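>>> Here's my sequence, what's the structure:
(chains A and B)
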Protein chains: 2
Amino acid sequence: MKENGILVVVSGFAGAGKGTLMKKLLSGHDNYALSVSATSRSPRPGEQEGISYFYKTKEEFEGMIERDELLEHACYVGNYYGTPKKFVCDQLKAGKDVVLEIEIQGAMQIKKKFPEALLLFVMPPSAEILRNRLVGRGTETAEVIARRMKRASEESEGIEKYDFIVINDDADKCTDIMHNIIQSAKYMPLRQKEFIDKVRKELKEL
Amino acid sequence: MKENGILVVVSGFAGAGKGTLMKKLLSGHDNYALSVSATSRSPRPGEQEGISYFYKTKEEFEGMIERDELLEHACYVGNYYGTPKKFVCDQLKAGKDVVLEIEIQGAMQIKKKFPEALLLFVMPPSAEILRNRLVGRGTETAEVIARRMKRASEESEGIEKYDFIVINDDADKCTDIMHNIIQSAKYMPLRQKEFIDKVRKELKEL
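The predicted structure follows:
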């Protein structure tokens, strides 16, 4: 019997390297699947239905909210974005560990609806390194970088709400640690309820 | 700089295989140290001071209790048993992960005094296998086995108080999982307070 996978929510400062870590995690192991978000915004050139996003009209999206078909959702600049429950649950039942990148408010919504979700927060080894990475991209103005650093400072207040932090000093080493954390987290009692209940029942009956 | 180790408390049913797992953990990795208990009972033939136990008189032991020098203690059949804080802290400061086998009441005492302690509960894959192991030892009477099974059933009510369960189906595989759990647990926010505070401070100052 294939065991159910777990839902892994990944948050972290802009520039902490979440994207790289998730790519490495998915390419290095076949037990992971990436959650695909739903959105009411229009597809951009090159984006694909069911891969980039599930594209919905505003009315369809609001229908999903009403029918509680989303693990979390938010509205940015007039467009809805959210995590469809069905896709995640189908992958989990197939034994996949589903990885989802999202900011802190969405992570908290998911934890509330789905307490077994594992929350990871990716951190740089230092604030200096974070700033250097943002500067190194060469695409952001000094003003944008300053704003992102300020936002990182605000976001850092919520770190204790996460189950684990992942310190991204070396992407390969960090991906290995992340993989170990996720596989280890399966042995927390809240994710082993069925097994614990089974043994308890057996102990009573023997 | 060497990082501090963590304190790992291991509990589990009699017959679950705690002893074997801990031996394998210690022989397979050099980052672990076994906590040595203090006791007021007399040394038995072959036992060694500082290896089997730290031997204390009843008065000395009561002095340690008064001076809060024990992480936990209990009294069995008129003798004191306990975990000296100093030995554990010295090993942790030297970067060792300190492993300690103890029953649930002691584990809860430790968690209270030392919230960063990691609590592991070793379980057999099934109650049947647990009983077979106890029978297989060939040293216990049917009555003793029945009593241990009853005790396991009672102890099983406390499993959710532990941070992780360890399912001992194959000792080698299980030791690897246990090692991964312990190393992963270092990345929980409560064990990374210093690092989180450092980055927060840097983010505010940058």
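>>> Tell me how many other residues crowd A:Asp97.
22 (other C-beta atoms under 10 Å in any protein chain shown). Every residue, glycine included, has its C-beta placed from N, CA and C.
>>> swap in A:Gly158?
15.
>>> residue ranges with poor pLDDT in chain A?
A:1-2 (pLDDT under 70).
>>> and with 50 instead?
In the predicted model, chain A carries pLDDT under 50 at residues A:1.
>>> Helices along that one, start to end?
With DSSP state H, the ranges of helices along chain A come out as A:18-28, A:58-66, A:85-93, A:104-113, A:127-136, A:142-155, A:171-185, A:193-205.
>>> okay if I get those helices as JSON lines plus mean neighbour count and distance to A:Leu34?
Putting those into JSON lines (neighbours: other C-beta atoms under 10 Å in any protein chain shown; distance: least, C-beta to C-beta, whole Å) gives the following:
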{"stretch": "helix A:18-28", "mean neighbour count": "17", "distance to A:Leu34": "6"}
{"stretch": "helix A:58-66", "mean neighbour count": "14", "distance to A:Leu34": "20"}
{"stretch": "helix A:85-93", "mean neighbour count": "17", "distance to A:Leu34": "9"}
{"stretch": "helix A:104-113", "mean neighbour count": "18", "distance to A:Leu34": "15"}
{"stretch": "helix A:127-136", "mean neighbour count": "18", "distance to A:Leu34": "23"}
{"stretch": "helix A:142-155", "mean neighbour count": "15", "distance to A:Leu34": "22"}
{"stretch": "helix A:171-185", "mean neighbour count": "19", "distance to A:Leu34": "14"}
{"stretch": "helix A:193-205", "mean neighbour count": "15", "distance to A:Leu34": "26"}
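>>> Turn those helices into a markdown table, including distance to B:Tyr80.
Below are those laid out as a markdown table (distance: least, C-beta to C-beta, whole Å):
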| stretch | distance to B:Tyr80 |
| --- | --- |
| helix A:18-28 | 49 |
| helix A:58-66 | 61 |
| helix A:85-93 | 49 |
| helix A:104-113 | 43 |
| helix A:127-136 | 49 |
| helix A:142-155 | 49 |
| helix A:171-185 | 35 |
| helix A:193-205 | 31 |
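>>> Pipe the ones you listed into JSON lines and attach distance to chain B per row.
Output for these, formatted as JSON lines (distance: least, C-beta to the nearest C-beta, whole Å):
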{"stretch": "helix A:18-28", "distance to chain B": "13"}
{"stretch": "helix A:58-66", "distance to chain B": "31"}
{"stretch": "helix A:85-93", "distance to chain B": "20"}
{"stretch": "helix A:104-113", "distance to chain B": "14"}
{"stretch": "helix A:127-136", "distance to chain B": "3"}
{"stretch": "helix A:142-155", "distance to chain B": "4"}
{"stretch": "helix A:171-185", "distance to chain B": "4"}
{"stretch": "helix A:193-205", "distance to chain B": "3"}
